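Chemist: Predicted model and sequence follow; I will ask about them next.
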Amino acid sequence: MINASLKQLAAKLASKEISSVELTQIFLDRIERLNPEINAYITLDAGKSLAQARLADQRIAAGGASPLTGIPIAQKDIFCAKGWRTTCGSNMLGNFVAPYDAHVIEQFDLAGAVNLGKTNMDEFAMGSSNETSFFGKVQNPWDRARVPGGSSGGSAAAVAARLAPAATGTDTGGSIRQPASLCGLSGLKPTYGVCSRYGMIAFASSLDQAGPMAKSAEDLALMMNVMAGFDHRDSTSLPRDKEDYTRDLELPLAGLKIGLPREYFAEGLSADVAKVVQDAIAQYRKLGAETVDISLPNTRLSIPVYYVLAPAEASSNLSRFDGVRYGHRAPEYDDLLDMYCKTRAQGFGAEVKRRIMVGTYVLSAGYYDAYYLKAQKIRRLIAQDFEAAFKQCDVIMGPAAPGTAFKTGEKSNDPVAMYLEDLYTIAVNLAGLPGMSIPAGFAQAANGKSLPVGLQIIGNYFSESRMLGIGHAYQQATDWHLQLPDSIE
Amino acid sequence: MSLTTDDVKRIAHLARIEVGEDEVQATLDKLSGIIGLIEEMQAVNTDGITPMSHSQDVVQRLREDVVTETDQRALFQSIAPAVENGLYLVPKVIE
């Protein structure tokens, strides 16, 4: 049951082989047993989850089920869910019970899905290892001494450890694709504007995008059918007709042109990851695709550009946390200014404070042109790189992350080393393109553990359904996505 | 461009984050590493390039100027640190 695809779960629910209440209970029991160590969830509320499951069972009995009705889904703790504590991984929101639902949460509720709990994450989604969470580190189920990646590390660990059938994530610079790669999952960051940001706690508004994390491309497609859609409450939500993201799953690969950017296979990529990715590309050739060498010459610059734009937007977004209307307030202070400064010093962790300060600096008087404006200009050059590349190919493939899961603590004291984790993912956010990571094989760690490696697939704007078909075709021919961590029974 | 400890104190003040005297040097070291990383941009020629703020060329949508929100003051204030008579309380700012 815990390894079943979403489609299989829906069939079992429809045939009454299992009820939603029973299915939800199976996952709640596993969470109770395994979560104290893995720490994939921050907040659980079995009463709420089971109440939703009972409603789903009634809906199924009445014949009104949609594909995800009755299926428990883990929600990243960045999405406000009415009546649920919603922390964004921060002490600042440690006591925050959301008074409203994010659009994504509303969509899952309408579909009849069950909210299984709120998953751990890097604080305010700022990190690539889940180590910046106020609520503790998350273990990678493939090797408990390693990180699951981040910022959607709790969602990734939850699905990898079979503590949820599927989960939501958000991706500002790689936060869905990198943890999916490190935990052996499929994860999709859609085109910017496809999923509403309403009720999704803001980090860098021009880059933030919600997306699904699951065991297969097919499951991602079913999740996308629920998550995507126009929402007037997000000013950057794109008014588009509802799509069926499963429509291209069975398209053949013959004639598909895959672009291989030479910058993605250059210095900085570990040899074992390079080998797995090359093998995956060879598999695609076997399945009828052609490959063409391309160049994304400004790839390297995406990191400095991102670390100007994202902190700048974050410093502005996070100014709302002032200890006045909600969240933490310092217990002692002299005056209003002192209340702000102490509240924010206590409420935010070190990495969040660093990024707010970097953002404050690059936006401060006299530096705006040199940093923010300059970064926005290079952002256009990066987007133009992709525009030129997509004249030569249909999709781009490469690694999702430069290495496999690293050891807990290995990079946590060196922000710049941590930032390089997102070398192959950030440019996609800057350009607003869709990007996906699918399991492509394993590299062996020194201790003999197998560590998953993800293949990144980057598509042109709004090509998600084609990308999902490209992932699905690979998953029909290989079984990397079906492998289980040996610590997971 | 290298930062000084005075810069760190100025930035911390602008960001409304208290940074203790014992934290200033460590903060300076970390921020300097990040500023060093972003300095790489300065070598790029961007003459004539239009800054890009969003990936899609969309315009701000407008709507009719009508009331759409209902009164949820009591709900929203139920999670506030300090309220009285429907008002948020902060330290006195006007003598």
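Modeler: Sure thing, it's come through. Residues are numbered from 1 along each chain as shown, chains lettered A, B, ... in the order given.

Chemist: May I have the secondary structure class of A:Val194?
Modeler: coil (DSSP: H, G, I helix; E, B strand; the rest coil).

Chemist: of all of chain A, which residue lies closest to chain B?
Modeler: Per Cβ to the nearest Cβ, A:Gly432 is where chain A lies closest to chain B, at 2.2 Å. Heads up, the C-betas are built off the backbone N, CA and C, glycines and all.

Chemist: In space, what's closest to the residue most central in space within chain B - neighbours in sequence excluded?
Modeler: Residue closest to the average C-alpha location in chain B (Cα atoms, centre = their mean): B:Ala15, at 6.8 Å. Nearest non-adjacent residue to B:Ala15, counting by Cβ to Cβ, 6 or more residues apart in numbering or on different chains: A:Thr360, 4.3 Å away.

Chemist: my guess is that neighbour meets B:Arg10, correct?
Modeler: No. Counting by Cβ atoms under 8 Å, A:Thr360 stays clear of B:Arg10, with 9.4 Å between them.

Chemist: Neighbour count: the two, which is higher?
Modeler: A:Thr360 (24 against 15; other Cβ atoms under 10 Å in any protein chain shown).

Chemist: The more buried one belongs to a helix, doesn't it?
Modeler: Yes. Under three-state DSSP, A:Thr360 falls within a helix.

Chemist: if I pick it, what's in contact with it?
Modeler: By Cβ atoms under 8 Å, 6 or more residues apart in numbering or on different chains, the residues touching A:Thr360 are A:Ser315, B:Ile11, B:Leu14, B:Ala15.

Chemist: roughly how far apart are it and A:Tyr371?
Modeler: 11 Å (Cβ to Cβ, to the nearest Å).

Chemist: okay, and the common contacts of the two?
Modeler: With Cβ under 8 Å, 6+ apart, A:Thr360 and A:Tyr371 have no common neighbours.

Chemist: Correct me if wrong: A:His481 contacts A:Leu455.
Modeler: No. The criterion here is Cβ under 8 Å, and A:His481 misses it with A:Leu455 at 10.7 Å.

Chemist: what are the pairing partners of the helix or strand A:Gly187 falls within, and which direction each?
Modeler: Using DSSP states H and E, A:Gly187 sits within strand A:186-189. Strand A:186-189 has its sheet partners listed here by DSSP bridges as strand A:210-214 (antiparallel), strand A:435-444 (antiparallel).

Chemist: Highest mean neighbour count out of those?
Modeler: Burial of the strands paired with strand A:186-189 is given as mean neighbour count (mean count of other Cβ atoms under 10 Å in any protein chain shown); strand A:210-214 ranks first at a mean of 30.

Chemist: Can you name the residue of chain B nearest chain A?
Modeler: Nearest residue of chain B to chain A, counting by Cβ to the nearest Cβ: B:Ser55, 2.2 Å away.

Chemist: okay, that residue: pLDDT?
Modeler: In this model, B:Ser55 is scored at 81, pLDDT.

Chemist: which residues sit in contact with it?
Modeler: Counted by Cβ under 8 Å, 6+ apart, B:Ser55 has contacts A:Thr191, A:Tyr192, A:Gly193, A:Ser206, A:Ala383, A:Leu430, A:Ala431, A:Gly432, A:Leu433, A:Tyr461.

Chemist: repeat for B:Thr4
Modeler: B:Leu28.

Chemist: Tell me where the chain has strands.
Modeler: I'll assume chain A. Taking DSSP state E, the strands of chain A run over residues A:41-43, A:72-76, A:114-119, A:167-170, A:186-189, A:210-214, A:257-261, A:290-294, A:395-399, A:435-444, A:450-459.

Chemist: um, chain B though
Modeler: Taking DSSP E, the strands of chain B run over residues B:83-84, B:87-88.

Chemist: From the chain's centroid, how far away is the last one?
Modeler: Centroid separation between strand B:87-88 and its chain, computed with Cα atoms, centre = their mean, to the nearest Å, is 23 Å.

Chemist: Let me have the strands of chain A in JSON lines, extended by mean pLDDT.
Modeler: What follows is the strands of chain A, written out as JSON lines (pLDDT from 0 to 100):
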{"stretch": "strand A:41-43", "mean pLDDT": "98"}
{"stretch": "strand A:72-76", "mean pLDDT": "98"}
{"stretch": "strand A:114-119", "mean pLDDT": "98"}
{"stretch": "strand A:167-170", "mean pLDDT": "98"}
{"stretch": "strand A:186-189", "mean pLDDT": "98"}
{"stretch": "strand A:210-214", "mean pLDDT": "98"}
{"stretch": "strand A:257-261", "mean pLDDT": "98"}
{"stretch": "strand A:290-294", "mean pLDDT": "98"}
{"stretch": "strand A:395-399", "mean pLDDT": "98"}
{"stretch": "strand A:435-444", "mean pLDDT": "97"}
{"stretch": "strand A:450-459", "mean pLDDT": "97"}
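
Chemist: for these, which one ends up most surrounded?
Modeler: strand A:186-189 (a mean of 32).

Chemist: Pull the residues that contact it.
Modeler: A:152, A:156, A:169, A:171, A:176-177, A:179-181, A:209, A:211-217, A:219-220, A:224, A:428-429, A:434-439, A:464, A:467-468, A:471, A:475, A:481.

Chemist: where's A:Gly259 relative to A:Ala157, distance?
Modeler: Taking Cβ to Cβ as the measure, A:Gly259 falls 32 Å from A:Ala157.

Chemist: so does stretch A:297-316 get close to chain B?
Modeler: Yes. Part of stretch A:297-316 sits near chain B under the criterion Cβ under 8 Å from any Cβ of the partner chain, namely A:Arg300, A:Leu301, A:Ile303, A:Pro304, A:Val305, A:Tyr307, A:Val308, A:Ser315.

Chemist: Any of those buried? List them.
Modeler: By neighbour count, with 16 or more other Cβ atoms under 10 Å in any protein chain shown, those hold A:Leu301, A:Ile303, A:Pro304, A:Val305, A:Tyr307, A:Val308, A:Ser315 as buried.

Chemist: biggest separation within those, which pair?
Modeler: Spatial extent of those (Cβ to Cβ) is set by the pair A:Leu301 and A:Ser315 at 21.3 Å.

Chemist: Let me see the confidence value for the most far-flung residue of chain A relative to its centre.
Modeler: Largest separation from the mean C-alpha position in chain A: A:Asp334, at 40.8 Å (Cα atoms, centre = their mean). Per-residue pLDDT puts A:Asp334 at 96.

Chemist: Tell me the spatial nearest neighbour of it, not counting adjacent residues.
Modeler: That would be B:Pro91: by Cβ to Cβ, 6+ apart, it lies 7.9 Å from A:Asp334.

Chemist: Against A:Pro434, how distant is that neighbour?
Modeler: From B:Pro91 to A:Pro434 the distance is 47 Å (Cβ to Cβ).

Chemist: out of those two, which sits in the busier spot?
Modeler: Ranked by neighbour count (other Cβ under 10 Å), B:Pro91 and A:Pro434 place A:Pro434 first, with 27 against 13.
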